[in-house]
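Chemist: After the sequence you'll find the predicted model.
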Amino acid sequence: MPVQSVMTSDVVTCAPDDDLDRVLDLMQRHELHTVPVVANGRVIGCASLAEALAHTREEARRHIDYLTSFLFGAAA
């Protein structure tokens, strides 16, 4: 069976400079785990849900550490 018979032809893509929140919204709206990143009409990579969540989690962790330090001092 050729892959053409099961592929999606209406592909959802993003650009390298798209905001991560926009791409996460696309993923949620279209129930996707990866979104091709397109520049100048060519696929240059894929944005994955796992990588986006890891980045978001690390960003939240840094923010929590900063606020903890601010509220309770550097020794907290």
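Modeler: Yep, that arrived.

Chemist: can you count the residues close to Val38?
Modeler: Using other Cβ atoms under 10 Å, Val38 has 15 other residues around it. Every C-beta, even on glycine, is put in place using the N, C-alpha and C of the backbone.

Chemist: For it, grab phi and psi.
Modeler: When read as degrees, to the nearest 10, the backbone of Val38 gives phi -120, psi 130.

Chemist: Any figure for the gap between it and Cys14?
Modeler: From Val38 over to Cys14 the distance is 7 Å, taken as Cβ to Cβ, to the nearest Å.

Chemist: Could you pull out the buried residues of the lengthiest helix in the chain?
Modeler: Secondary structure of the chain per DSSP state H: the longest helix is helix 49-72. Using 16 or more other Cβ atoms under 10 Å as the test for burial, helix 49-72 gives Ala52.

Chemist: now swap in stretch 14-33 and tell me
Modeler: Of all the residues in stretch 14-33, those buried under the rule 16+ other Cβ under 10 Å are Cys14, Val23, Leu24, Leu26, Met27, Leu32.

Chemist: need the helix or strand of this structure with the lowest average pLDDT.
Modeler: The helix or strand of the chain with the lowest confidence, counting by mean pLDDT, DSSP states H and E, is helix 49-72 at a mean of 93.

Chemist: No further questions, thank you.
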